[in-house]
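Participant: A predicted structure for the sequence below; I have some questions about it.
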Protein chains: 2
Amino acid sequence: MSLASPSPAAAPFASPAPGRLLGREEFEERIHLIGAERYHSRHPFHKLLHGGNCNHGQVQAWVLNRYCYQSHIPLKDATLLSRMEDLDLRREWRKRIEDHDGSAGNEGGIERWLVLAEGVGLDRSYVVSGAGILPATRFAVEAYVRFVRERSLLEAIASSLTELFAPKIHQERIAGLLEHYDFANERTIAYFKRRLSEAPEDVQFGLNYVLGEARTREQQEQALAAVRFKTDVLWAQLDALYHAYVAPGHIPPGAFVPEGCVPVTELDL
Amino acid sequence: MSLASPSPAAAPFASPAPGRLLGREEFEERIHLIGAERYHSRHPFHKLLHGGNCNHGQVQAWVLNRYCYQSHIPLKDATLLSRMEDLDLRREWRKRIEDHDGSAGNEGGIERWLVLAEGVGLDRSYVVSGAGILPATRFAVEAYVRFVRERSLLEAIASSLTELFAPKIHQERIAGLLEHYDFANERTIAYFKRRLSEAPEDVQFGLNYVLGEARTREQQEQALAAVRFKTDVLWAQLDALYHAYVAPGHIPPGAFVPEGCVPVTELDL
């Protein structure tokens, strides 16, 4: 558990045991199993959100905090790009930065997220400033960017494979938001609709890379640990959101305070 | 909110406004004010713990997760030491590493923490392995080490000034643990007793350094932001603990599961 040679959060007790190389299908199955067990589609906050059981302040807090994650994705991809010595790999990966930052004829994912933020009544400049973000959100997001910056290319690319599980949650979210919330319309949910087509294209490339480049069992275990690490990054963000804004509703000092709420330091506990 | 030029978590909306240099006393008062408003002595988890209202599993989870923090403190101080070009400064700061890692005739703070861990029924090798630590704990601790590694020496040293507020919480803790918990005795609480004398010595040096070396208002604001950042690091750890083990009691995948508890993914929500 040292930082010099960090192990991913919630790493197994012992180091990955050496063993036989997993077959391609078995390896891919294990990646999918991580999603089934740990992807944030299973998080109680998402169940509330998609079922129409979040109040206005909770939706705002989700959109605000998730902006921190969204806005760092291109930094994550840029740091990865800066380590790819292979031209073809860079060409392929560059698309992700364009998807988020935008290009001619495409306002980009970050802009689409800001449209959503305005749609739920948040001030654009407040969102962009990063004020009010839960410290735990920031720590998790920064841990992700640092992971991609410091680990092997294989682990860095493997950590993006949670995209395998994304289309399903985006479909649930689009249906749930449109059904239950007044703010939801084609314009405000454009981010999720767009990701329905972008993510599967991206992830197919990443998956093929990981399946092909993990040439030893140790590398396969590192890739699996990277996927688990990424599920921790996503899960921890929702834990912080749930704790601050759902139950027990303890908003930490300095964080966004929805209308009608008070920070925990002002509660009479 | 970029990582290239990161602002501390929960930074104020705008950059610190330029202004007149604060007088030494006024500057010191503002540091103390941060403690009064945001130090984790005010956190609901500590109120439960010190009041005797934590169950056995909650105490174990606290000791386990706090070990992650304790065990990284010497890494934090070593990375700081590696950036101090002044010999006298290094000589002064080195003591902190010795305090935690131990030396002849002093088993050190980490060993004392492990004695506490065994005292609450945790397996030493499990604790040292880092398995079961909440991902949010790890993300916060790593954010602290990185802050000290990457920011100015002034900010790095300022982030240690939460020690100003530590003796009071240690006294409360010693009294509360001895009064309410069977595991508490002179041996298991030796860590806190020792810190009662160590922390005030250390912090006097750090405080004088910060008061003297912050020569512009901008530097003073950076130092204050560093203290706030550190309070966020401490607070976020307790938020994660509270959420997982107190209320709502949602233990994330892979984290320590006290006897009689189940992970959130097995709850019927």
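Facilitator: Thanks, I have it. Everything numeric in this text was worked out from a predicted model, so none of it was measured.
Participant: okay, CA-based contacts and neighbour counts for the rest of this
Facilitator: Noted.
Participant: I'd like to know how many residues surround A:Glu213.
Facilitator: Burial of A:Glu213 is recorded as 14 neighbouring residues (other CA atoms under 10 Å in any protein chain shown).
Participant: how much space separates it from A:Arg30?
Facilitator: 16 Å (CA to CA, to the nearest Å).
Participant: the spatially closest residue to A:Gly51 that is not a sequence neighbour: which element?
Facilitator: Using CA to CA, 6 or more residues apart in numbering or on different chains and skipping residues adjacent in sequence, the residue nearest A:Gly51 is A:Gly176, 6.0 Å away. According to DSSP states H and E, A:Gly176 maps onto helix A:166-180.
Participant: I'd like the distance from that helix to the chain centre, please.
Facilitator: How far helix A:166-180 lies from its chain's middle: 16 Å, per CA atoms, centre = their mean, to the nearest Å.
Participant: so what touches the following helix or strand past that helix?
Facilitator: Note on helix A:166-180: by DSSP H and E, the next helix or strand toward the C-terminus is helix A:190-213. Helix A:190-213 is contacted from outside by A:24, A:27-28, A:96, A:99, A:109, A:112-113, A:116, A:154, A:157-158, A:160-161, A:163-164, A:166-167, A:170-171, A:173-174, A:223, using CA atoms under 8 Å, 6 or more residues apart in numbering or on different chains.
Participant: show me what the longest helix seen in chain A is packed against.
Facilitator: Looking across chain A with DSSP state H, the single longest helix is helix A:217-245. Contacts defined by 3 or more CA pairs under 8 Å, 6 or more residues apart in numbering or on different chains; DSSP states H and E place helix A:217-245 against helix A:24-38, helix A:44-50, helix A:56-81, helix A:135-150, helix A:153-158, helix B:135-150, helix B:217-245.
Participant: let's see 7 Å
Facilitator: Counting contacts by 3 or more CA pairs under 7 Å, 6 or more residues apart in numbering or on different chains; DSSP states H and E, helix A:217-245 is packed against helix A:24-38, helix A:135-150, helix A:153-158, helix B:135-150.
Participant: quick one on the thing from earlier: what is the mean pLDDT for the helix holding A:Gly176?
Facilitator: Averaging pLDDT along helix A:166-180 yields 95.
Participant: do the same with stretch A:143-152
Facilitator: Mean predicted confidence for stretch A:143-152 is 98.
Participant: that stretch and chain B, any residue contact?
Facilitator: Yes: interface with chain B: stretch A:143-152 contributes A:Ala143 (CA under 7 Å from any CA of the partner chain).
Participant: buried stuff in that stretch?
Facilitator: A:143-149, A:151-152 (16 or more other CA atoms under 10 Å in any protein chain shown).
Participant: pick the one among the residues you listed closest to chain B.
Facilitator: A:Ala143 (6.0 Å; CA to the nearest CA).
Participant: so who does the closest one touch?
Facilitator: B:Phe139 (CA atoms under 7 Å, 6 or more residues apart in numbering or on different chains).
Participant: ok, now how distant is it from B:Thr137?
Facilitator: For A:Ala143 relative to B:Thr137 (CA to CA), the value is 11 Å.
Participant: please apply the same query to A:Arg42.
Facilitator: A:Arg42 is 21 Å from B:Thr137, by CA to CA.
Participant: neighbour count for those two, which is higher?
Facilitator: B:Thr137 (28 against 16).
Participant: residues contacting the closest residue to the more buried one other than its chain neighbours?
Facilitator: Leaving aside its sequence neighbours, B:Thr137 sits nearest to B:Gln237 (CA to CA, 6+ apart; 5.1 Å). Taking CA under 7 Å, 6+ apart, we find B:Gln237 in contact with B:136-137, B:140.
Participant: per-residue pLDDT, B:Gln237?
Facilitator: For B:Gln237, pLDDT reads 98.
Participant: quick one: pLDDT of A:Asp202?
Facilitator: Per-residue confidence (pLDDT) for A:Asp202: 88.
Participant: what about it, neighbour count?
Facilitator: Neighbours around A:Asp202, by other CA under 10 Å: 18.
Participant: circling back: so which of the helices and strands packed on helix A:217-245 gets nearest A:Phe183?
Facilitator: Nearest to A:Phe183, of all the helices and strands packed on helix A:217-245, is helix A:135-150, at 24.0 Å by CA to CA.
Participant: before we move on, back to that, for B:Ala61, find the nearest of the helices and strands packed on helix A:217-245.
Facilitator: helix B:135-150 (11.2 Å).
Participant: which residue is nearest the centroid of chain A?
Facilitator: Central residue of chain A (CA atoms, centre = their mean): A:Leu234, 4.9 Å from the mean position.
Participant: where's the residue nearest to it when sequence neighbours are not counted relative to A:Ala78, distance?
Facilitator: Nearest non-adjacent residue to A:Leu234, counting by CA to CA, 6+ apart: A:His40, 6.3 Å away. In this view, A:His40 and A:Ala78 are 25 Å apart by CA to CA.
Participant: neighbour count winner among the two?
Facilitator: A:His40 (25 against 20).
Participant: mind showing which ranges of chain A have poor pLDDT?
Facilitator: Chain A contains residues with pLDDT under 70 at A:1-18.
Participant: swap in 90 and give it another go.
Facilitator: A:1-19, A:197-202, A:268-269 (pLDDT under 90).
Participant: returning to what we had before: let's have the helices and strands packed on helix A:217-245 in JSON lines, adding distance to B:Ile189.
Facilitator: Supplementary listing: those in JSON lines, determined by distance: least, CA to CA, whole Å:
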{"stretch": "helix A:24-38", "distance to B:Ile189": "36"}
{"stretch": "helix A:135-150", "distance to B:Ile189": "29"}
{"stretch": "helix A:153-158", "distance to B:Ile189": "41"}
{"stretch": "helix B:135-150", "distance to B:Ile189": "22"}
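Participant: all set, thanks.
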